[in-house]
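> Okay, sequence plus prediction incoming.
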Amino acid sequence: MMKRHALALALAGLLLGAGNGAALAAEATPQPPREKWTFAGPFGKFDRAQLQRGFKVYREVCASCHSMSLLSFRNLAERGGPEFTREQATVIASEYKVKDGPNDQGEMFERPGRLADRFPSPFANEAAARAANGGAAPPDLSVIAKARGYERGFPWFLLDMVTQYQEHGADYINALLKGYEDPPAGFTLPSGAQYNKYFPGHSILMPKPLNDGQVSYTDGAPQTLDQYSKDVTAFLMWAAEPHLEARKRIGFQVILFLLIFAGLLYFTKKKVWKELEAPAERARGQTPVEGSP
């Protein structure tokens, strides 16, 4: 019986120690700085040029490891996104190789991509992705801007509710891409890992993906790490929510309609009850008051 109690206390101590360690790690991780995004707020919109630059960064840097399986090439030409022309999107799709089949001989084959195709994965399967990346499969980036984020805590989350700030995931991704540093003294990194001050635990297997001058821009935008990270983050935000602008536009229209509808109901109520109350008021005015001559 004593041994069981001792074992239970030991397990509880281990669990509490693990919880305290996780809490200390969370406290040591700084919050990503808030950025000014064109798509933030109830009237925010994507910057078309920024989305096109972000796609270029994704294509030349991120696509070598990360898939984007929920995005189709035709989305690049749709309203509310990068808004490439249909011809440009067709050319982009044709530069990818897509596995198709089987053919008449029952074999799979590769062909140039089409607008209806989804972005192909750089790896044949998850096992191949893990084997090529030190045992950690790179996550799909289709909805990464919505799947990642951080908690601001009390009372800041209340302010976010009032201001409708929903860009925590974008802030986190942008900070993560710029958060690679040399580890502080006394910090031990696992083999093959990199130090990132915004990643939980600070140990990340993804090598630093972006550096100044790595991607060439043709529109005069700065070719810096800061600009690259903001551009590709904006592109990933659009990929996660391609109908963001339409959602905000419809939401504003619905609120405007409800305000007008509420006003019409109020004035209708006033008119109806005024007509119903008028005879009663006249009857009370004609009724002799008790004690009058």
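Nice, I can see it. Residues are numbered from 1 along each chain as shown.
> For Ala239, list the residues it contacts.
By C-beta atoms under 8 Å, 6 or more residues apart in numbering, Ala239 lies in contact with 68, 70-71, 141-143, 145. All C-beta atoms are positioned from the backbone trio N, CA, C, and that covers glycine.
> what about 6 Å?
Counting by C-beta atoms under 6 Å, 6 or more residues apart in numbering, Ala239 touches 71, 142.
> Assumed it was part of a helix.
Yes: secondary structure assignment (DSSP: H, G, I helix; E, B strand; the rest coil) places Ala239 inside a helix.
> quick one: it and Leu259, what's the gap?
33 Å (C-beta to C-beta, to the nearest Å).
> name the element Gln50 belongs to?
Per DSSP states H and E, Gln50 falls inside helix 48-60.
> what is the orientation angle of the helix or strand just after that helix with helix 48-60?
Sequence-wise, the next helix or strand downstream of helix 48-60 (DSSP H and E) is helix 86-94. Here helix 86-94 runs at an angle of 20 degrees relative to helix 48-60 (axes from the mean of the first three to the mean of the last three C-alpha atoms, to 10 degrees).
> For helix 86-94, list the C-alpha coordinates in PDB.
Taking Å, rounded to 0.1, in the frame of the first residue of the first chain, the C-alpha atoms of helix 86-94 are listed here in PDB:
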ATOM      1  CA  ARG A  86      -6.400  33.700 -66.500                       C
ATOM      2  CA  GLU A  87      -3.500  33.500 -69.000                       C
ATOM      3  CA  GLN A  88      -0.900  34.100 -66.300                       C
ATOM      4  CA  ALA A  89      -2.500  31.500 -64.000                       C
ATOM      5  CA  THR A  90      -2.500  29.000 -66.900                       C
ATOM      6  CA  VAL A  91       1.200  29.500 -67.500                       C
ATOM      7  CA  ILE A  92       1.900  29.200 -63.800                       C
ATOM      8  CA  ALA A  93       0.000  25.900 -63.700                       C
ATOM      9  CA  SER A  94       1.700  24.500 -66.800                       C
END
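> just how off-centre is that helix within its chain?
26 Å (C-alpha atoms, centre = their mean, to the nearest Å).
> List the buried residues in that helix.
89-90, 92-93 (16 or more other C-beta atoms under 10 Å).
> Many thanks, I have nothing further to ask.
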